[in-house]
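Student: got a predicted structure here, sequence first:
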Amino acid sequence: KFHFGQRADRATKKVLLLWDDFSAHFTDDVVAYAKEINVLLEQIPPRYTWICQPADVAWNRPLKCRLRQNWLDLIRRQLRTAKERGRTLKLQPPSRATVLGWIADAWDNLPSTTIVNGFRKCCLVDGEPVEEVVSGGVVDDTVLSELMAASSIEETIDPDGDICNGDDSVGDGTDAFE
């Protein structure tokens, strides 16, 4: 309704919507509404999104790498803050607003060529994919060493002692040391 129903050319141009096999995507109501607004629904077979869904083929990895980098940066800041204040590290989760900001920034910084490449690699548009290098997303030894030194990595996680409730978190996660 919200993405395709209001387009001006819906009576003359069809939209192809590729979905995985999640049952709610293909209810009678959804299929009927899609037909009404000139949207063709195609189901990607189970376990094939890695090869025929543009997001899985091209941009999920760089987005997740960027999000992982933001998470690691937050952990580094918390480690640094705990050291500077001589306190025991207690990891704080990012706030919802912070995570939403990370997602928005990651999407905004995703090159348009990456998105186009996804469609090209899936043969949904003409053209040869442009070579791209995706880096990042690896936890370096420094962060792991610092977490070990702060006794923040153990064989088990104690939810009450190791991780704060997200409701207690504000901003960048360094407020736990106040």
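Tutor: Everything's here; your move.

Student: so which residues of this protein form helices?
Tutor: Per DSSP state H, the chain carries helices over the ranges 28-36, 49-52, 54, 60-85, 96-108, 112-121, 141-149, 159-162.

Student: pull out the buried positions in the second one.
Tutor: Of the residues in helix 49-52, those scored as buried under the neighbour-count criterion (16 or more other Cβ atoms under 10 Å) are 49, 52. (C-beta placed from N, C-alpha, C; glycine too.)

Student: could I get the CA-only coordinates of that helix as CSV?
Tutor: The C-alpha atoms that make up helix 49-52 are tabulated as CSV, following Å, rounded to 0.1, in the frame of the first residue of the first chain:
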residue,chain,number,x,y,z
THR,A,49,18.0,-15.7,-2.0
TRP,A,50,21.8,-15.7,-1.8
ILE,A,51,21.9,-16.0,-5.6
CYS,A,52,18.7,-14.3,-6.8
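
Student: show me what it is in contact with.
Tutor: Defining contact as Cβ atoms under 8 Å, 6 or more residues apart in numbering, one finds that helix 49-52 is touched by 18, 20, 44, 56, 57, 122.

Student: where in the protein is pLDDT low?
Tutor: Flagging of the chain using pLDDT under 70 yields the residue ranges 1-2, 4-5, 133-178.

Student: centre-most residue in it?
Tutor: residue 64 (4.9 Å; Cα atoms, centre = their mean).

Student: okay, now the domains of the protein?
Tutor: Domains of the chain are assigned by automatic domain parsing as 15-43, 51-177.

Student: highest mean neighbour count out of the ones you listed?
Tutor: Burial of the domains of the chain is given as mean neighbour count (mean count of other Cβ atoms under 10 Å); domain 51-177 ranks first at a mean of 14.

Student: give the contact list for residue 25.
Tutor: Contacts for residue 25 were tallied using Cβ under 8 Å, 6+ apart; they are 19, 41, 43.

Student: ok, 10 Å please
Tutor: Contact analysis of residue 25 by Cβ atoms under 10 Å, 6 or more residues apart in numbering lists 17, 19, 31, 34, 41, 43, 44.

Student: that's all I had, so thanks and see you.
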